[in-house]
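> Just a sequence and a predicted model for now, questions to come.
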Amino acid sequence: MDSFLNHVSPMGIYETLYAFQKAFGTPMGESGTHPWSQGYPLTTQIPGGPAMPKSVDVDSADLLYPKAWGLPALRNEIAEYYNHHYEAGIDLENIMVFAGGRPGLVALLLFLQSDINVRIASTEYTPYYDMLRLLGRKYSLIESSVNNGFCPTVEDYIRKDSSHRNLVMLSNPCNPTGITKSGETLRALVEVASFGTFGLLVDEAYEMFHTPPVSALKYIKNIDDSNFFITGAATKGLQAPGIRIGWVVAAKRHIEILGNFSSFGMGGVSRPSQLYALALLNKKRINLARKAIPEYYASQRDRYRQAFTDLGIELFSGNGGFYHWCKLPGNLTASELNDRLYQDGAAILQGKDCDMARLGKESPLKQFFRFSFGPLLQTTFEADIAIMRRALA
């Protein structure tokens, strides 16, 4: 019988996870597996970090429909967080709560006016490709390759082309490379790409995984007169991917549009999840997290960098996020590496899945892979390196 729905393939990492389960016999993340392909942090207390809340109080009022824009208390706490740490000059009406960061990104792209062209690096977060393609958005690729150290310049992003209006879209710190725009470079990008015929959309899921934490909100002036958008989430730095809480920060007129969409397209976001996120944003917790998260993951980044270099893996990683961006020696491809790793219960994300041109086997990234140390305990290091050494032998 003919299907009424158009087929859609899963995000690239899920194809790896399905192949892993078929080869190894159990899902990635189960006991005995090594989740190097996974983009989530430890969900337990890290050294020097805050304890995770054990529970939140929920009463009958919390079982009612949530507000379309999100709980006012949570929106206000998010605004206060950015104001305190980045002097953002925003209030709760600049915040919209979503069920994770990706739904916020999809909503922004869904309502992007049709003449606007999206300018995006050729090496970027895997699902951006699917979002742009399925929503029918025009986009042009900015070179992000070995040639420029996977670090497009501000000038690369804002270079004029045939499009009259453009939206610059990027993850910062970048997933998969960890390359981070900060300081005067980030200031320059915000100042030139947020106004006039340009807009700027920065996915800041990995904000805290940099020393110090970094946000473009530090540099925006007059957000309500801009086309400047930030997405954040409780997924990474707040160590709670399972509660599915994210948010968009933007001009109030844009938040109104997103809230109107929620009224018919989302129905709001789980109130209990929002209450848990509110507990995570406790000021004392946040102060601990903003110190402990960068320190712990910088230590992990350095340990794996040295070990991988000793194994002959060439690294192009930045100083943010919780990934290493790696190139394999010789002619070994990431697909072939995974076939070897599956036997030991491990897997990586293939570089070609981060190729925004989606060239498959012809991708210039076919020998690259993203290694995640996000969910790894310090105690797994020796075993991890032993597995990688066997796979490269």
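Perfect, thanks for sending it. Numbering: from 1, shown residues only.
> okay, CA-based contacts and neighbour counts for the rest of this
Will do.
> pLDDT wise, what is the residue nearest the centre of the chain at?
In the chain, the residue lying closest to the centroid (Cα atoms, centre = their mean) is Ala205, at 4.4 Å. Looking at Ala205, its pLDDT stands at 98.
> Tell me who's in contact with it.
By Cα atoms under 8 Å, 6 or more residues apart in numbering, Ala205 lies in contact with Gly101, Ser171, Asn172, Pro173, Thr231, Gly232, Ala233, Thr235, Lys236, Gly237.
> change it to 10 Å
Ala205 sits next to 100-102, 171-175, 230-238, 246, 321 when contact means Cα atoms under 10 Å, 6 or more residues apart in numbering.
> what's around Lys361, how many residues?
Neighbour count of Lys361, defined by other Cα atoms under 10 Å: 12.
> hang on, it in a strand?
No: counting by DSSP: H, G, I helix; E, B strand; the rest coil, Lys361 falls outside a strand, being helix.
> Now it. Nearest residue, chain neighbours left out?
Leaving out its chain neighbours, the residue that sits closest to Lys361 by Cα to Cα, 6 or more residues apart in numbering is Lys352, at 7.7 Å.
> helix or strand for the residue nearest to the centre of the chain, which one?
In the assignment (DSSP states H and E), Ala205 maps to no helix and no strand.
> Kindly report the same for the one 3 residues further on.
Mapping Met208 onto the secondary structure by DSSP H and E places it in no helix or strand at all.
> and the gap between it and Thr16?
Met208 is 27 Å from Thr16, where distance means Cα to Cα, to the nearest Å.
> between those two, who's got more neighbours?
Met208 (25 against 20).
> For the residue nearest to that one when sequence neighbours are not counted, which residues are in contact?
Distances taken as Cα to Cα, 6+ apart place Gly237 nearest to Met208, at 5.4 Å, with adjacent residues excluded. Residues in contact with Gly237 (Cα under 10 Å, 6+ apart) are 40-43, 205-209, 213, 286, 289-290, 292-294, 321.
> Same check on Ala334?
The contact partners of Ala334, by Cα under 10 Å, 6+ apart, come to 326-328, 340, 347-352, 365-370.
> Quick check: the farthest pair among those residues?
Among the contacts of Ala334, the pair separated by the greatest distance (Cα to Cα) is Arg340 and Leu365, at 18.7 Å.
> Neighbour count for these two, which is higher?
When neighbours are counted by other Cα under 10 Å, Arg340 and Leu365 differ, and Leu365 comes out ahead with 24 against 18.
> just the helices in the stretch 101-250 of the chain please.
101-110, 127-134, 154-158, 183-193 (DSSP state H, counting those that start in this stretch).
> For my notes, please list the ones you listed in a markdown table and give mean neighbour count and mean pLDDT for each entry.
A markdown table is the format used below for the helices of the stretch 101-250 of the chain (neighbours: other Cα atoms under 10 Å; pLDDT from 0 to 100):
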| stretch | mean neighbour count | mean pLDDT |
| --- | --- | --- |
| helix 101-110 | 20 | 98 |
| helix 127-134 | 16 | 97 |
| helix 154-158 | 17 | 97 |
| helix 183-193 | 17 | 98 |
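> any chance of these in TSV, plus distance to Ala334?
Below are the helices of the stretch 101-250 of the chain laid out as TSV (distance: least, Cα to Cα, whole Å):
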stretch	distance to Ala334
helix 101-110	26
helix 127-134	19
helix 154-158	29
helix 183-193	32
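> mind listing what's buried in the helix or strand hosting His84?
Following DSSP H and E, one finds His84 within helix 72-86. For helix 72-86, a neighbour-count test (16 or more other Cα atoms under 10 Å) marks Leu74, Arg75, Asn76, Glu77, Ile78, Ala79, Glu80, Tyr81, Tyr82, Asn83, Tyr86 as buried.
> Can you tell me which of the contacts of Ala205 are buried?
Buried members of the contacts of Ala205, counted by 16+ other Cα under 10 Å: 100-102, 171-175, 230-238, 246, 321.
> what's the longest helix in the chain?
Using DSSP state H to define each element, the chain has its longest helix at helix 283-310.
> Which elements pack onto that one?
helix 72-86, helix 271-280, strand 314-315, strand 323-327, helix 381-392 (3 or more Cα pairs under 10 Å, 6 or more residues apart in numbering; DSSP states H and E).
> Of all the ones you listed, which one is nearest Leu201?
helix 72-86 (16.5 Å).
> now what about that closest one, what contacts it?
69-71, 87-97, 213-220, 232, 247, 249, 274-279, 281-283, 286-287, 290.
> Could you rerun that using 8 Å?
If you take Cα under 8 Å, 6+ apart as the criterion, helix 72-86 is touched by 88-97, 215, 217-218, 274-275, 277-278, 281.
> chain center to that helix, what's the gap?
Offset of helix 72-86 from its chain centre (Cα atoms, centre = their mean, to the nearest Å): 20 Å.
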